[in-house]
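pasting a predicted model and its sequence here:
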Amino acid sequence: MVMRKQFQYILVLLLYFFTNYVNAQTDWDSKIQEKLPTILEKHRELVSIPNVASDEPNMMKNVDWVTNAFEKLNFKVSILKTSTLPVFLAEKQVDPKAKTILFYLHLDGQAVNPAKWNQKDPFRPVLKAQDADGNWQIINWSRIKTQIDPDWRVFGRAAADDKAPIIMMLSALEFLQQQQQNLKYNVKIILDLQEETRSEGFLTTLKKYKNRYAADYMIIMDGPAHPTNKPTLTFGCRGIATINISIYGAKLPQHSGHYGNYAPNPVFAMSHLLASMKDKTGKVRIDGFYDGIVLDEKTQNLLSQVPDDNPKIQADLGISKPDNVGSNYQEALQYPSLNVRHIETSWKGPGLKTIIPEIVTAYLDVRLVKETDGAAQLKKIKKHIEAQGYLVLSREPTDAERLKYPKIATISTNAGVNAFRTAINSTIGKKLRNTITNEFGKEPILIRTMGGTVPITPAIQVLDIPAIIVPMVNMDNNQHNPNENIRIGNITQGIKMCLAILAMEL
């Protein structure tokens with residue numbers, strides 16, 4: 001009896017190791033290449049459905065397409081009502097006691113101006129190859145039935161942002177189904193229909209559907225990988241707050257001949273105020289603006305492993321030297337920034353007028369890091385303006401105030417969205433690093449904080465889920481711009497990344 005139990009135990013153990021050996025030895029590269037023409041056709045089909053959020057009928061056609069795709073993979077699909085467009089939620093539970101990962105992607109794309117595109121219709125994707133002069137030329141779709149060049153690209157709105165990751169995920173799930181490889185944790189997948197318009201609908205559902213979204217970890221599949229196109233993991237993103245500052249001159253625009261040298265021009269006052277906020281090297285001079293930022297040796301080592309080509313970045317930007325906030329690009333992203341995004345006077349008509357404007361407004365944005373709070377940073381800016389001798393108001397000044405105070409500023413603020421950052425050595429961080437390393441034979445590029453802001457950051461905070469961004473599309477995809485594209489090599493690599501993540505042991 002004892003021998004029989006030992007034999008059964010050994011048999012189960014061998015079966016376990018054999019199954020895992022087969023899983024580990026699956027030649028995903030050959031299988032992906034074999035199915036790549038079909039994958040590209042599916043991508044072409046999905047990108048062909050217009051997906052601007054304001055076009056609800058077509059957005060619902062997109063929903064129908066992905067609903068059909070996920071239901072074929074035995075996912076439970078729910079269309080959750082919101083204050084605007086719905087949220088798409090696909091779920092597969094393997095074990096109520098197992099861990100759960102919530103994947104976030106988005107189904108909408110930016111609006112288009114067809115006249116700016118080098119193709120007839122941005123929603124009729126075209127296949128292109130680069131000629132000897134580096135120009136992208138349309139090639140026939142039939143070419144995908146032959147040898148496919150990984151550097152070919154598919155051009156079309158949302159070809160990269162964010163329909164490519166959706167196709168990557170669907171393809172990976174289909175491969176696992178075909179290989180009869182089961183998921184090792186519960187999966188929830190959100191497709192946001194309004195990410196490009198600040199996730200208006202999804203963010204209104206956080207409390208209502210908090211239990212539906214509940215998970216142990218969150219993976220955001222959006223944004224571009226490192227410019228080298230190597231597998232990349234991004235552990236956070238900056239937040240954003242805004243402040244608009246208006247400074248006043250005379251009550252009405254004045255003729256520069258009659259009142260030049262007499263009526264103060266508020267543009268010069270604004271220039272002095274803005275100049276007081278930064279020194280000549282680009283560092284912010286506002287008191288306490290960088291408080292709380294400490295880049296220890298461990299962090300410096302992490303930042304230095306990112307293979308940025310800083311001279312090339314400068315050359316691409318056309319600048320002789322960057323601001324002296326960080327010693328390199330990655331280090332600069334670890335600090336909050338202060339940016340003047342627009343300045344305007346009261347005159348907005350065509351041509352120029354010889355007037356002294358009565359008002360000038362500067363529109364500023366503040367990029368936040370995890371150590372900084374939007375509302376607190378805006379208070380520091382307000383305090384700085386007051387220290388320059390200004391009466392700071394939240395409304396237009398009265399006539400009496402204009403006569404009494406030589407320096408008046410009206411401000412309007414929006415504390416916006418704070419940053420998030422998940423620790424590199426968190427549980428999910430380590431597991432993602434290990435699984436990507438095992439799949440590709442080398443550790444992924446680790447980005448501590450990316451420069452942009454993900455609009456769903458409030459969801460990370462409300463749902464209280466450790467989140468990591470897994471960007472998979474090429475950096476030069478013309479995101480949000482005309483001629484958006486996805487490199488085919490990034491599609492195949494992205495599918496492998498999805499396969500590795502879906503096979504991850506939690």
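Alright, I've got the coordinates.

when you work out contacts or count neighbours from here on, use the C-alpha atoms and nothing else.
Fine.

got a list of what the closest residue in space to A158 that isn't next to it in sequence touches?
The shortest distance from A158 to any non-neighbouring residue, by C-alpha to C-alpha, 6 or more residues apart in numbering, is to G109 (5.3 Å). By C-alpha atoms under 8 Å, 6 or more residues apart in numbering, the contact set of G109 is 51-53, 157-158, 161-162, 196, 480.

look up how far F70 lies from G109.
20 Å (C-alpha to C-alpha, to the nearest Å).

picking that back up, any chance of the contacts of G109 in JSON lines, with pLDDT too?
JSON lines is the format used below for those (pLDDT from 0 to 100):
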{"residue": "N51", "pLDDT": "98"}
{"residue": "V52", "pLDDT": "98"}
{"residue": "A53", "pLDDT": "98"}
{"residue": "R157", "pLDDT": "98"}
{"residue": "A158", "pLDDT": "98"}
{"residue": "D161", "pLDDT": "97"}
{"residue": "D162", "pLDDT": "97"}
{"residue": "E196", "pLDDT": "96"}
{"residue": "H480", "pLDDT": "95"}
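
out of those residues, grab the one that's most surrounded.
With neighbours defined as other C-alpha atoms under 10 Å, the most crowded of those is R157; it has 34 neighbours.

and it, what does it touch?
47, 109-110, 112, 122-123, 125, 482-485.

can you tell me the SS state at it?
Using DSSP: H, G, I helix; E, B strand; the rest coil, the structure places R157 in coil.

distance check, it against P50.
Distance check for R157 against P50: by C-alpha to C-alpha, it reads 8 Å.

shared neighbours of the two, anything?
Common neighbours of R157 and P50 (criterion: C-alpha under 8 Å, 6+ apart): F123.

low-confidence regions, the protein specifically.
By pLDDT under 70, the low-scoring segments of the chain are 1-25.

can you show me the helices along the stretch 1-150 of the chain?
2-25, 28-47, 56-72 (DSSP state H, counting those that start in this stretch).

hang on, the earlier thing: dump the contacts of G109 to TSV, plus distance to I139.
What follows is the contacts of G109, written out as TSV (distance: C-alpha to C-alpha, whole Å):
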residue	distance to I139
N51	24
V52	27
A53	30
R157	18
A158	20
D161	22
D162	23
E196	30
H480	23
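
check contacts around I39.
By C-alpha under 8 Å, 6+ apart, I39 lies in contact with 167, 171.

measure it to Q179 for me?
When distance is defined by C-alpha to C-alpha, I39 is 17 Å away from Q179.

circling back to that earlier point, can you list the contacts of R157 in TSV and add distance to L499?
Below are these laid out as TSV (distance: C-alpha to C-alpha, whole Å):
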residue	distance to L499
V47	22
G109	25
Q110	28
V112	33
P122	30
F123	29
P125	26
P482	31
N483	29
E484	26
N485	23
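
can you tell me which of the residues you listed comes closest to A225?
Distance to A225, by C-alpha to C-alpha, is smallest for N485 among the contacts of R157, at 13.8 Å.

what is the burial count for the spatially closest residue to the closest one that is not a sequence neighbour?
Nearest residue to N485 in three dimensions, chain neighbours excluded: F155, at 4.2 Å (C-alpha to C-alpha, 6+ apart). For F155, the count of nearby residues is 30 (other C-alpha under 10 Å).

would you agree F155 is in contact with E484?
Yes - F155 lies in contact with E484 (C-alpha atoms under 8 Å); the separation is 5.7 Å.

next helix or strand past the host helix or strand of I313?
Using DSSP states H and E, I313 sits in helix 310-317. Next helix or strand after helix 310-317 toward the C-terminus (DSSP H and E): helix 329-332.

so what's the gap between that next one and the chain middle?
The chain centre lies 18 Å from the centre of helix 329-332; the measure is C-alpha atoms, centre = their mean, to the nearest Å.

list the contacts of the residue nearest to N485.
With contact taken as C-alpha under 8 Å, 6+ apart, F155 is in contact with 122, 125-128, 483-486.

I'd like the distance between M270 and M277.
For M270, the distance to M277 (C-alpha to C-alpha) stands at 11 Å.

and these two? Which one has more around it.
M270 (21 against 17).

which residue packs closest to that one, ignoring adjacent ones?
Of all residues not flanking M270 in the chain, I247 sits nearest, at 6.7 Å (C-alpha to C-alpha, 6+ apart).

so what does the helix or strand hosting the one you found touch, helix or strand wise?
Assigning secondary structure by DSSP H and E places I247 in strand 239-248. Counting by 3 or more C-alpha pairs under 8 Å, 6 or more residues apart in numbering; DSSP states H and E, the packing neighbours recorded for strand 239-248 are helix 266-275, strand 359-368, helix 374-387, strand 408-417.

10 Å - rerun?
helix 266-275, strand 337-345, strand 359-368, helix 374-387, strand 391-393, strand 408-417 (3 or more C-alpha pairs under 10 Å, 6 or more residues apart in numbering; DSSP states H and E).

using a markdown table, lay out the ones you listed together with distance to F75.
Below are the helices and strands packed on strand 239-248 laid out as a markdown table (distance: least, C-alpha to C-alpha, whole Å):
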| stretch | distance to F75 |
| --- | --- |
| helix 266-275 | 54 |
| strand 337-345 | 43 |
| strand 359-368 | 38 |
| helix 374-387 | 39 |
| strand 391-393 | 55 |
| strand 408-417 | 32 |
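
deepest of the ones you listed, which one?
Highest mean neighbour count among the helices and strands packed on strand 239-248 (mean count of other C-alpha atoms under 10 Å): strand 359-368, with a mean of 22.

sheet partners, orientation included, of it?
strand 239-248 (antiparallel), strand 337-345 (antiparallel) (DSSP bridges).

starting at the chain centroid, how far to it?
Taking mean C-alpha positions (C-alpha atoms, centre = their mean), strand 359-368 and its chain are 22 Å apart.

swap in stretch 426-438?
Taking mean C-alpha positions (C-alpha atoms, centre = their mean), stretch 426-438 and its chain are 21 Å apart.

list the buried ones in that stretch?
Across stretch 426-438, burial judged by 16 or more other C-alpha atoms under 10 Å covers 428-429, 431-436.

which residue ranges of the stretch 401-506 of the chain form strands?
Using DSSP state E, counting those that start in this stretch, the strands of the stretch 401-506 of the chain run over residues 408-417, 420-421, 445-447, 467-469, 485-487.

quick one: closest of those strands to S142.
Of these, nearest to S142 by C-alpha to C-alpha is strand 485-487, at 17.3 Å.
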